[in-house]
Structure formats: structure tokens, C-alpha cells
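Colleague: Sequence first, then the predicted structure:
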Amino acid sequence: MTEQQLISTIQKTELPSKAAEMFKQGFRLVYVCCTPGDPLEITYSFDKDYQLFSFRIMVPRAEAVIPSITGSYFCALTYENEMQDLFGIKVENLAVDFKGNFYKLQVKTPYKDAGLAQPKADTGAQQK
Amino acid sequence: MSTATETKPKRTIIPFGPQHPVLPEPIHLDLVLEDEKVVEVIPSIGFIHRGLEKLVEKKDFQEMTYVAERICGICSCIHGHSYCEAIENVMNVQVPERAKYLRVFWDELSRIHSHILWAGLFADSFGFESLFMHSWRIREKILDIVEETTGGRVIFGYCKIGGTRRDIANGRLKSIVTELKAIEKECHSITDVFEKDYSVKKRTKGIGMLSKDDAVKLGAVGPMVRASGIASDARKLGYAAYGNLTWELITESGCDCHARLMVRCREIYQAFDLAYQAADKMPDGPVEIKVTGNPTGEFAARLEQPRGEVIYYVKGNGTKNLVRFRVRTPTFANIPPLLKALEGCELPDVPVIVLTIDPCISCAER
């Protein structure tokens, strides 16, 4: 299987309008994926006629606030609530907001600091 | 005597789950009722969130195959297969042809046993106990074949990055096909009842409607979307050996519980046929190749589980641990369509409608 998967990086402010455009064209929301790190990498994938097309936004960890796409794709509520719970991202204008209680977690926002480990600095020059 | 202002019906909230006789796994629904009619549903999941995706920080990409197989106890083999497909795409691994056909063969056996298991549970949801027992009796025979060929009944463990861990001798493959043909004949004894029985029709026809439009808008997958008249099946992407087999998509236009039932019943026979084709066309040769190095890059593998399309997104940075391992299961995608299908139904129909998405909550929460 060698499937072409197109990913286009956009600004987060463009996201609701891009999602509305995809909805009008009859694309199905396939999944939303957040990859930990700084910046966070959030990918929204859509499908039509077996062609996967994705939008990607890069969100600095310090400003982890993104707009919701539930205005176009109501079904995104599960993905967006999941991101709030696991990554501590604030999703604005969510159609149904579980406010961080979608999952019953023992450790709150477990992915919040994941992927931030930096390589150890060389000894010597940087040490006082 | 009429009054000037109409009285709004009083609303009651009935909690459904997380423990309920029809639910093998916990999901909670707050059913907002007006009299006996459901007008709104508020879901609540997360009772068994295990954080399996986060295990990539501790397990290397080879070990994650075992984790993937343990996401679900029913379609575990397709979970393992999906993960391997994703990694193989990232690492550009060319899987031997025989392994591709073996993957199809075991995946289709998995589909048969999963659909029959579901059919039994579905019969149980509307009180047809004998149909439940007959369904599971037949399923047992499929599991015996799986156990003999893979060594497992729940976790098949046949898939590995670069091929399969096991092979089936050509002679044995032929005799398995003969056994499967006998089981296929036996399946008619249950699917005929599901299709024609008065009481089954009474409890499923016109119940839990999900229009074609709503199915697309709400991102439904698998038999749920195909029962709303949409031809969508990830196997048409041609992964493994599916691109070399002849088969047509199964759809129904009823958009109700009966349509979802019929899609699964017909898919049982289609799965038998695909298994026969895979056995017939299986080339000789090795079943695995050695894979070296670590994955660099990203890929979202899309495969068709019995419940629908599953997504395995993996991203590697050249180290043995993946940066991201993301699984979107069909049940997770089918929760919003379920809420729509429940709207407007009568309270006694709720268990029947919930069962028609074939809910696997362990899968959904990972």
C-alpha cells in the first residue's frame, strides 16, 4: 500500500474557514491528531473518494489555545475534548465542552510535558 | 377544553450504563426523555482509559506491535496488522507476497468471528437467547481454526513488521477451506433468522435511523455508514492483498438497525469468499523479511476492521522510540452518529441501537 497523503500547514486562525470549506465539498473528517512537543503539531485529516487530505497547525505550547471546528464538523467534539484532556489545550467554541472531564484520568493532561526533553548540554563550556 | 398555552412535556434523565446487561464494556449515556421518547443524549466515556498511546515513550517500535494487539480483545489481529502497515510504510519495507495473502486470510477469519459474535450479542439485546447461543456455537469453530493456525484465540499475534510470524502449509490451507465451507453453510441457519424472522424485524426495522447525509456529516464508519447507503470501505485502498482480490462493497439503504444487521450478515459471507480467494491465490515463498534500522517519517495507515475504518498514525525521528503513536478506532468515530441515531427513539430501543455500532469501548479509549 503506497497511499499519497497530502499535508498542508496553515495558520490556526484559518482553521475554522478551511474546515467549513472541506465540509461544503463533502469531505469526511477522518481523525484529529496532536503530536506532543513545542510547538504542538495538530493535524486534521479529511477523506473523499479514499484520498486523505490533512491540514496541520503548529501551536506554541505557551499559547495552547485553538479554535474548534465543531461549527462545521460536529463529530470533532470527541477529538477536541480528547485534546483538552490529554494535552491541556484549550479549544474555544466547542459545541459540547466536557471541560477536561471527557476521560476519567488519574494523571491530568498526561501529554502536557511529553516530547519536551532536550538533549543534554555538553559539559565544560556551559558549566560555571 | 383547549388551553391558551400548551404545556411542555416534563423531561426526565435516565442514566444508561456504564453497567448495563447489553454493555460488555462501560459507556455512560444520559438519556433525556419526554415521556418514553429520547430527545437528547449526552455521552460520557473514559472509564477505562489506559494511556496505551503514551507507552511509545517506554517501548521501542518493535515492541509496540504487542501493545497494538492488546488494544482490543476481538479485533486484536487487525490492530497488529494496522500498526505493522504503518511502520512498513514509514520504513519502506516490502512485505513478501505470501505474507500479504496470509494477512488477508487471518483478517477475514477475524471479521467472520467478530461479526458472528456481534450477531449473538445483538440477538441477546432484544431477548432472542437461542439465536445468541447458536451464533456463538458457530463462532467457536472459527476460533478453533484460528487457535490451530496462530496459537491464540484472543491475541492472534500473527503479524510482525516485515511479514507474519507463522505460515500455514498449503495442504492444511486446502483442508481449512473445506472446513470453512461447511461452517459457511451452517451460518445460513442464523443469518436466515436475522433476515426473515418477524420478531427480529419488529425490533429493528425503522429503528435508530441515520440518514445518508448525517452519516457523512458525523463521520460514521464501517457497517454503520454502509447501512446508510454509502460505499466506503478501507479495504478498497488495496492494502495487503486486497487489491488483487475480486469483491464488491456491501451496502444497504435502510439506514436503520435492520440495515446494519443485514450489512454484517452479508459481510460474513463476503469474508468467507475473500478467505477462499486468498487461500486459492496464495503464492509460495517466504513470509517475512528482516527489518533493520529505525523509522523516520510519518504515515497514517487506514485499514478496515469489522467495526469500520481504523487509523494508525505513527511518527518516527530515527530513534527506536516513536515520537507519536495515535490510534483512531471505529467505535470512537461512531459515537457522534450513535447519538444522532438515538434521538427520537423509544426507551426500550436504546440497547438495540447502541449495539448496532458494535461498541468496543476498550478500543475507543485505548
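Modeller: Perfect, thanks for sending it.
Colleague: Which parts of chain A are helices?
Modeller: Secondary structure of chain A by DSSP state H: the helices cover A:15-24, A:76-87.
Colleague: tilt between the last one and helix A:15-24?
Modeller: For helix A:76-87 against helix A:15-24, the angle by axes from the mean of the first three to the mean of the last three Cα atoms, to 10 degrees is 140 degrees.
Colleague: quick one, strands of the chain?
Modeller: No chain was given, so I picked chain A. For chain A, the strands defined by DSSP state E cover A:5-9, A:28-35, A:40-48, A:51-59, A:65-67, A:90-92.
Colleague: ah, no, chain B please
Modeller: With strands called from DSSP E, chain B shows them at B:11-16, B:28-34, B:37-44, B:159-160, B:163-164, B:296-305, B:308-317, B:324-328.
Colleague: among the helices of chain A, which is the most enclosed?
Modeller: Each of the helices of chain A was assessed for mean neighbour count using mean count of other Cβ atoms under 10 Å in any protein chain shown. The highest is helix A:76-87, with a mean of 24. Where C-beta positions appear, they are placed from N, C-alpha and C, glycine not excepted.
Colleague: Show me what that helix is in contact with.
Modeller: For helix A:76-87, the surrounding residues in contact (Cβ atoms under 8 Å, 6 or more residues apart in numbering or on different chains) are A:19, A:29, A:31-32, A:34, A:36, A:40, A:42, A:64, A:68-70, A:89-91, A:94-103, A:105, A:109-112, B:46, B:332, B:335-336.
Colleague: rerun that using 6 Å as the cut-off
Modeller: Helix A:76-87 has contacts (Cβ atoms under 6 Å, 6 or more residues apart in numbering or on different chains) with A:29, A:32, A:34, A:68-70, A:89, A:91, A:94-96, A:98, A:100, A:102-103, A:111, B:335.
Colleague: and what of stretch B:130-144?
Modeller: B:109, B:112-113, B:116-117, B:119-120, B:123-124, B:153, B:183, B:186, B:190, B:193.
Colleague: before we move on, back to that, how about TSV for the strands of chain A, with mean pLDDT, mean neighbour count and distance to B:Ser228 added?
Modeller: Formatted as TSV, those follow (pLDDT from 0 to 100; neighbours: other Cβ atoms under 10 Å in any protein chain shown; distance: least, Cβ to Cβ, whole Å):
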stretch	mean pLDDT	mean neighbour count	distance to B:Ser228
strand A:5-9	86	12	26
strand A:28-35	91	23	12
strand A:40-48	91	21	16
strand A:51-59	91	18	21
strand A:65-67	91	17	29
strand A:90-92	90	15	28
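Colleague: Please name whichever of those is nearest to chain B.
Modeller: strand A:28-35 (3.9 Å; Cβ to the nearest Cβ).
Colleague: got the residues of chain B near chain A?
Modeller: Within reach of chain A by Cβ under 6 Å from any Cβ of the partner chain, chain B has these residues: B:46-47, B:49, B:216, B:218-219, B:237, B:239, B:311, B:313, B:324, B:326, B:328, B:335-336.
Colleague: just curious, which of the residues you listed is nearest to B:Phe61?
Modeller: B:Arg324 (11.5 Å; Cβ to Cβ).
Colleague: which residues does that closest one form a beta bridge with?
Modeller: Here B:Arg324 sits in beta bridges with B:Lys315, going by DSSP bridges.
Colleague: Hmm, it is touching A:Pro36, no?
Modeller: No - the criterion here is Cβ atoms under 6 Å, and B:Arg324 misses it with A:Pro36 at 7.1 Å.
Colleague: that older thread, can I get the strands of chain A in a markdown table with distance to B:Arg264?
Modeller: Shown next, in a markdown table, are these (distance: least, Cβ to Cβ, whole Å):
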| stretch | distance to B:Arg264 |
| --- | --- |
| strand A:5-9 | 29 |
| strand A:28-35 | 21 |
| strand A:40-48 | 22 |
| strand A:51-59 | 26 |
| strand A:65-67 | 38 |
| strand A:90-92 | 35 |
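Colleague: which non-adjacent residue is nearest B:Glu346?
Modeller: The spatially closest residue to B:Glu346, leaving aside those adjacent along the chain, is B:Glu36, at 5.3 Å (Cβ to Cβ, 6 or more residues apart in numbering or on different chains).
Colleague: where's the one you found relative to B:Cys363, distance?
Modeller: Separation of B:Glu36 from B:Cys363 (Cβ to Cβ, to the nearest Å) stands at 31 Å.
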